[in-house]
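Colleague: structure of the sequence below:
(2 chains, ligands or ions: 2)
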Amino acid sequence: MTALEVTVNGRTHREDVEPRLLLSDFLRHTLGLTGTHVGCEHGVCGACTIRLDGAAVRSCLLLAVQADGCTIETVEGLAANGELHPLQAAFREHHALQCGFCTSGILMAAANLLEQDGTPTRDEIVDMLSGHLCRCTGYEPIVDAIAQVAGTS
Amino acid sequence: MRVLDYVSVHDAGRLLNPLIVEGQVRGGFAHGVGAALFERIVYDEDGNLLTGTFMDYLCPTAADVPSLRMEHLETPSPFTALGAKGLGEGTTMSAPVAIANAVADALGVDALELPLTPARVWELLA
Ligand code: FES
Ligand code: FES
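Modeller: Numbering: from 1, shown residues only, chains lettered A, B, ... in the order given. Ligands and ions are numbered 1, 2, ... in the order given. Purely as a prediction, here's the structure:
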């Protein structure tokens, strides 16, 4: 077991973990934060996307121990004080989720995009989104929702 | 291959929740496009699945799904309490047919195998 300290959604956790434990499994199973989803476990679907030290990363492609000392944001941290994050509200308004499996990863990637480039164009949003698989929505409502928050719709 | 325009007209009887209706049609369309152009299940001679991961099995992404024009007919069903008809995944079945027919028409062929991968279209052109 290896000692690990991470700050997740503003809370610091100290845990002893197996060195081979995936970060996605650490979040879901050790911390119980099951909002982060695991679709493929090999970096293709984007469902497990989180923010790690301000970058959107796939938590299935990292070991938990690699996140030692890092600051993590997951979908559970998006809504503040019981209020939906603007992206979450826009997703609801545009029916940008159906089963919701892809949603948490896309929300985190979109939040990251908006923080790095406040006004991404529709093409830039599609480009970001092309790293995420969604089998329900046909993507267009997701692009609409993100574009609305970015003010570029 | 690029889908230049696609129009979907669906009769789901009375539309109880238009947002969900459009979501189902759009999502079904994305599935249909996947079946027509990308998604291929391949087995080797011994019956092993060669396309068992998203690395080998190509799903359409946001950049691949063309935009869709949508119209609705509303002929209420006399058989259901609210006049609604089935809609789940509307256009999943029709999109591959429409796309295949468009390609068959363009190339003057009448037998096509889906998905229409670049290699297959190339063969049809040869
Ligand atoms: S589960 Fe991580 S990318 Fe699919
Ligand atoms: S909403 Fe079901 S996979 Fe995206």
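
Colleague: mind listing the strands for chain B?
Modeller: Per DSSP state E, chain B carries strands over the ranges B:7-11, B:69-73.

Colleague: so who does the residue positioned nearest the centre of chain B touch?
Modeller: Geometric centre of chain B, nearest residue: B:Gly32, 1.4 Å, by C-alpha atoms, centre = their mean. Counting by C-beta atoms under 8 Å, 6 or more residues apart in numbering or on different chains, B:Gly32 makes contact with B:91-96, B:99. Yep, even glycine has a C-beta here, placed from its N, CA and C like the rest.

Colleague: same thing but at 10 Å, please
Modeller: With contacts defined as C-beta atoms under 10 Å, 6 or more residues apart in numbering or on different chains, B:Gly32 is in contact with A:138, B:6, B:8, B:60, B:65, B:89-99.

Colleague: now do B:Thr117
Modeller: Applying C-beta under 10 Å, 6+ apart to B:Thr117 gives the contacts B:1, B:37-40, B:58, B:123.

Colleague: ditto for A:Asp68
Modeller: So A:Asp68 contacts A:2-6, A:17 (C-beta under 10 Å, 6+ apart).

Colleague: can you rerun that using 8 Å?
Modeller: Neighbouring residues of A:Asp68 by C-beta under 8 Å, 6+ apart: A:4-6.

Colleague: could you identify the buried members of the residues you listed?
Modeller: Applying 16 or more other C-beta atoms under 10 Å in any protein chain shown to the contacts of A:Asp68, the neighbour count classes A:4, A:6 as buried.

Colleague: and the contacts of A:Asp68, which is closest to ligand 2?
Modeller: A:Val6 (27.4 Å; C-beta to the nearest ligand atom).

Colleague: sorry, back to before: take the contacts of A:Asp68 and lay them out in TSV including secondary structure, distance to ligand 1 and pLDDT.
Modeller: Converted to TSV, the contacts of A:Asp68 look like this (DSSP: H, G, I helix; E, B strand; the rest coil; distance: C-beta to the nearest ligand atom, whole Å; pLDDT from 0 to 100):
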residue	secondary structure	distance to ligand 1	pLDDT
A:Leu4	strand	20	97
A:Glu5	strand	23	98
A:Val6	strand	18	98
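
Colleague: can you give me the helices in chain B?
Modeller: For chain B, the helices defined by DSSP state H cover B:18-37, B:94-107, B:118-125.

Colleague: ok, the nearest residue to B:Tyr6 once chain neighbours are set aside - how many residues close by?
Modeller: Nearest residue to B:Tyr6, sequence neighbours excluded (C-beta to C-beta, 6 or more residues apart in numbering or on different chains): B:Leu68, at 5.3 Å. When counting by other C-beta atoms under 10 Å in any protein chain shown, one arrives at 21 neighbours for B:Leu68.

Colleague: how about the residues of chain A by ligand 1?
Modeller: Taking C-beta under 6 Å from any ligand atom as the measure of proximity, chain A contacts ligand 1 at A:38-41, A:43-48, A:58, A:60.

Colleague: quick one: contacts for the nearest residue to B:Val21 once chain neighbours are set aside?
Modeller: Spatially, and ignoring its direct neighbours in sequence, B:Val21 is nearest to B:Leu15 (5.0 Å; C-beta to C-beta, 6+ apart). Contact partners of B:Leu15, counting by C-beta under 8 Å, 6+ apart, are B:21, B:72, B:74, B:84.

Colleague: how about a cut-off of 7 Å?
Modeller: For B:Leu15, the contact set (C-beta atoms under 7 Å, 6 or more residues apart in numbering or on different chains) comprises B:21, B:72, B:74.

Colleague: same deal with B:Arg26?
Modeller: Residues in contact with B:Arg26 (C-beta under 7 Å, 6+ apart) are A:137-138, A:140-141, B:68.
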